[in-house]
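Enquirer: Let me see the structure of the following:
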Amino acid sequence: MSEGSKGETARIARLIKPKAAAYIVTVFGDVAIPRGGSLWTGTLIELCAHVGINESLVRTAVSRLVAASQLEGQRLGRRSYYCLNEAADLQFRQAADVIFGPVPLAKGWRILHDPALSPDEARRQRMGHMGGHVYIQPDRGQAAPASGLAFHAQSLAGSANIAQFWDLEALQSGYARFLALFQGLRADSVVGAQALALRLLLVHAYRFVILRDPHLGLTYLPSTWSASKAKDVFRQLYLELSPAADRYIQQRCLGVDGPLAGATPATEQRKHALSDDH
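Expert: Numbering: from 1, shown residues only. This is a model prediction of the structure:
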């Protein structure tokens, strides 16, 4: 690996300052889920060390993720392995569909009245807040809400102003930060641990923006909207880094069934989705 690629990894890691628990979530999403789902603790420690997260922080974060019912542990001999529980695994796979694949076109709008839903939780679900207990989101056939009343609207009066219900300025700032970190980065000479570390940092930074984006459609967005440019940068770097990153996974990463595969149908599907989504 070149000193330049080490420097780029360290620079981006310093700027992002990934927290251990959130970065472990990224590792599971990119490395474990498409390859059987489990990781040895030693693999987690090694991958986190590449971005400056030490073993003590990893072990503390894993314990908290277990306590929060996101991870489940299994001990074989002297080694501990972890995987996502069933609910978290489904959530991560749905998030991967947004990160790697094209977002389905909306079929109108869904209006939700739910006194039990807080504005913060609504934002996490990419809903716009219309005031009071009323929220809005593009209707893409989401599952029915657990509480409240949901209504479908094919169109809305004054729909040109719908964007006001989301904090698009914060999202645009997120896309701008992502582009500042990764636009212009050369990946052709990055190999080994640095290729995987850079890909994980790429996914980590991108998911924190893309998973908050309601994907309203160009009709409702400002002309300066940077989501498309950010997706192009993500797509290019992910595909360029993947050959070396996947080789490193095959050589160094262990799950409960032994060494992880470099390529699986799930990893190939992700890359094909990025190649086709242009």
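Enquirer: Helix or strand: which one has the residue most central in space within the chain?
Expert: The residue lying closest to the centre of the chain (C-alpha atoms, centre = their mean) is R207, at 3.2 Å. According to DSSP states H and E, R207 maps onto helix 192-210.
Enquirer: Please apply the same query to S242.
Expert: Assigned by DSSP H and E, S242 falls in helix 227-252.
Enquirer: got the buried residues for that helix?
Expert: 227, 230-231, 233-235, 237-238, 240-242, 244-249, 252 (16 or more other C-beta atoms under 10 Å). In this view, the C-beta of every residue, glycine as well, is placed from N, C-alpha and C.
Enquirer: okay, now the closest residue to I24 other than its chain neighbours: neighbour count?
Expert: Distance criterion C-beta to C-beta, 6 or more residues apart in numbering; nearest residue to I24, sequence neighbours excluded, is A61 at 5.6 Å. Other residues within reach of A61, judged by other C-beta atoms under 10 Å, total 21.
Enquirer: what's the first-to-last distance across stretch 121-135?
Expert: Terminal residues of stretch 121-135 lie 11 Å apart, using C-alpha to C-alpha, to the nearest Å.
Enquirer: Show me the contact partners of that stretch.
Expert: 111-115, 117, 119, 136-137, 148, 162, 165-167, 211-215 (C-beta atoms under 8 Å, 6 or more residues apart in numbering).
Enquirer: got the buried residues for that stretch?
Expert: In stretch 121-135, counting by 16+ other C-beta under 10 Å, buried: 122-123, 126-129, 133-135.
Enquirer: Hmm, D213 and Q137 touching each other?
Expert: No: between Q137 and D213 there is no contact under C-beta atoms under 8 Å: 11.6 Å.
Enquirer: More neighbours: those two, which one.
Expert: Under the criterion of other C-beta under 10 Å, the comparison of Q137 against D213 puts Q137 first, with 22 against 19.
Enquirer: Please tell me how far the more buried one sits from R64.
Expert: Using C-beta to C-beta, to the nearest Å, Q137 is found at 30 Å from R64.
Enquirer: So, low pLDDT: which residues of the stretch 151-278 of the chain?
Expert: By pLDDT under 70, the low-scoring segments of the stretch 151-278 of the chain are 157-160, 277-278.
Enquirer: For G73, pull up the helix or strand it's in.
Expert: Element membership of G73 [criterion: DSSP H and E] is strand 71-76.
Enquirer: tell me the mean pLDDT over that strand?
Expert: Strand 71-76 shows a mean pLDDT of 94.
Enquirer: And stretch 109-121, by the same measure?
Expert: Average pLDDT, stretch 109-121: 91.
Enquirer: Show me what the one helix or strand M130 maps to pairs with in its sheet, parallel or antiparallel.
Expert: Per DSSP H and E: M130 is located in strand 128-131. As defined by DSSP bridges, the strand partners of strand 128-131 come to strand 134-138 (antiparallel).
Enquirer: so what does the helix or strand following the strand it pairs with touch, helix or strand wise?
Expert: Toward the C-terminus, strand 134-138 is succeeded by strand 149-153 as the next helix or strand (DSSP H and E). If you count contacts as 3 or more C-beta pairs under 8 Å, 6 or more residues apart in numbering; DSSP states H and E, strand 149-153 packs onto strand 109-113.
Enquirer: next one: the helix or strand just after the strand it packs on to chain centre, how far?
Expert: With elements assigned by DSSP H and E, the helix or strand that comes after strand 109-113 is helix 119-124. Taking C-alpha atoms, centre = their mean, to the nearest Å, one finds the center of helix 119-124 at 17 Å from the center of the full chain.
Enquirer: And the pLDDT at A88?
Expert: A88 carries a pLDDT value of 86.
Enquirer: Contacts only, for L202.
Expert: Applying C-beta under 8 Å, 6+ apart to L202 gives the contacts 182, 234, 237-238, 241.
Enquirer: same check, this time on L15
Expert: Per C-beta under 8 Å, 6+ apart, neighbours of L15: L181.
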